[in-house]
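Colleague: this is the structure alone, sequence omitted:
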């Protein structure tokens, strides 16, 4: 019997930008790279590869972030139809990825620590059924004509530069300017949106921490897009510090996601399995809250790749 060939997932590649690229050229390169990243992972998604789902979700998150970053130059209405299509797709990518992370990363040590607890054994069976249902729904979505229309629509929109039709002369002129100045202004702005929380993290609500996590992610995507415009060494160090910060905030957000998934599985608050799971995540949260100050300090001390 010939073994089945493994279909590999694909990570995002670097965006190639020259220092004299215009803002419009940079926008086209960034959105094209995100589309290629998404399409490259379609076979892995359809093959049921966990990392394929992850990478496709990342691709469309980056794509939405790219569209948002350039809104000062290309207004929201230019891409409204595509954004709505991405939101529709993320409604299937998100749950599939959340259940993968929950079962493969979050719950593995819980199941290992309590191998004979009946409530957890029953929950594990139920959770796997829910995960498979979300995977099947995602595969059906990728086969849906609406998915192909979304990809083709975005590709055609880029190729024809269809946004030009709704821009003023002033907006068109701004798109012809070198992207470096625009990128630096964006990065400074996004950096300030993150660092405004510097002295008050311990007082933030769960909702506010979630907002901070999103801002960190947007800053990371922005620098990742514009990395070729800045010194490689400082970019690498800054992105590394951002990644650690994002990971720490993500772990602290896991308890919120976990409660939502337990609700979906209809695990009541009085169930022993739910109490064990929430207790485990609560301990994990305490540990990472204590570590956060150190991670934050390292980020604040990191040299910024842009000047000023």
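Modeller: That came in fine, so what should we check first? What you see is a predicted model, and the numbers here were worked out from it, not measured in a lab.
Colleague: just checking, what packs against the longest helix seen in the chain?
Modeller: Longest helix in the chain by number of residues (criterion: DSSP state H): helix 232-264. Using 3 or more Cβ pairs under 8 Å, 6 or more residues apart in numbering; DSSP states H and E as the contact test, the elements touching helix 232-264 are helix 80-101, helix 206-226, helix 272-301. In short, each C-beta sits where N, CA and C put it, glycine included.
Colleague: please name whichever of these is nearest to residue 144.
Modeller: With respect to residue 144, and counting by Cβ to Cβ, the nearest of the helices and strands packed on helix 232-264 is helix 80-101 at 9.3 Å.
Colleague: tilt between that closest one and helix 232-264?
Modeller: Helix 80-101 and helix 232-264 meet at an angle of 70 degrees, taking axes from the mean of the first three to the mean of the last three Cα atoms, to 10 degrees as the criterion.
Colleague: residues contacting the helix or strand where residue 183 lies, please?
Modeller: Using DSSP states H and E, residue 183 sits within helix 179-195. With contact meaning Cβ atoms under 8 Å, 6 or more residues apart in numbering, helix 179-195 is reached by 17, 19, 21-23, 25-26, 69, 72-73, 212, 215-216, 218-219, 222-223, 226, 229, 300, 304-308.
Colleague: how is this protein divided into domains?
Modeller: For the chain, automatic domain parsing gives the domain ranges 20-168, 183-308.
Colleague: distance from the chain centre to the first one, please.
Modeller: The one in question is domain 20-168. Put simply, domain 20-168 sits 8 Å off its chain's centre (Cα atoms, centre = their mean, to the nearest Å).
Colleague: now do the buried residues in stretch 260-274.
Modeller: For stretch 260-274, the neighbour count (16 or more other Cβ atoms under 10 Å) marks 261, 262, 265, 267, 271, 273, 274 as buried.
Colleague: ok so, going back, can you flag the weakest of the helices and strands packed on helix 232-264 by average pLDDT?
Modeller: Here the lowest mean pLDDT among the helices and strands packed on helix 232-264 goes to helix 272-301, at a mean of 89.
Colleague: residues near residue 64, how many?
Modeller: Residues near residue 64, counting by other Cβ atoms under 10 Å, number 19.
Colleague: that one and residue 200: what is the separation?
Modeller: According to Cβ to Cβ, to the nearest Å, residue 64 stands 28 Å off from residue 200.
Colleague: try residue 244
Modeller: According to Cβ to Cβ, residue 244 and residue 200 sit 20 Å apart.
Colleague: of those two, who's got more company?
Modeller: Between residue 244 and residue 200, residue 244 has the larger neighbour count (other Cβ under 10 Å), namely 16 against 9.
Colleague: what sits against that one?
Modeller: 295, 298, 299.
Colleague: what's the local residue count around the second one?
Modeller: Spelled out, that is residue 298. For residue 298, using other Cβ under 10 Å, the count is 14.
Colleague: show me what contacts it?
Modeller: Residues near residue 298 by Cβ under 8 Å, 6+ apart: 241, 244.
Colleague: compare the helices and strands packed on helix 232-264 and give me the one nearest residue 114.
Modeller: helix 272-301 (6.5 Å).
Colleague: mind listing what's buried in that closest one?
Modeller: In helix 272-301, counting by 16+ other Cβ under 10 Å, buried: 273-274, 276-278, 280-281, 284, 288, 292, 295-296, 299.
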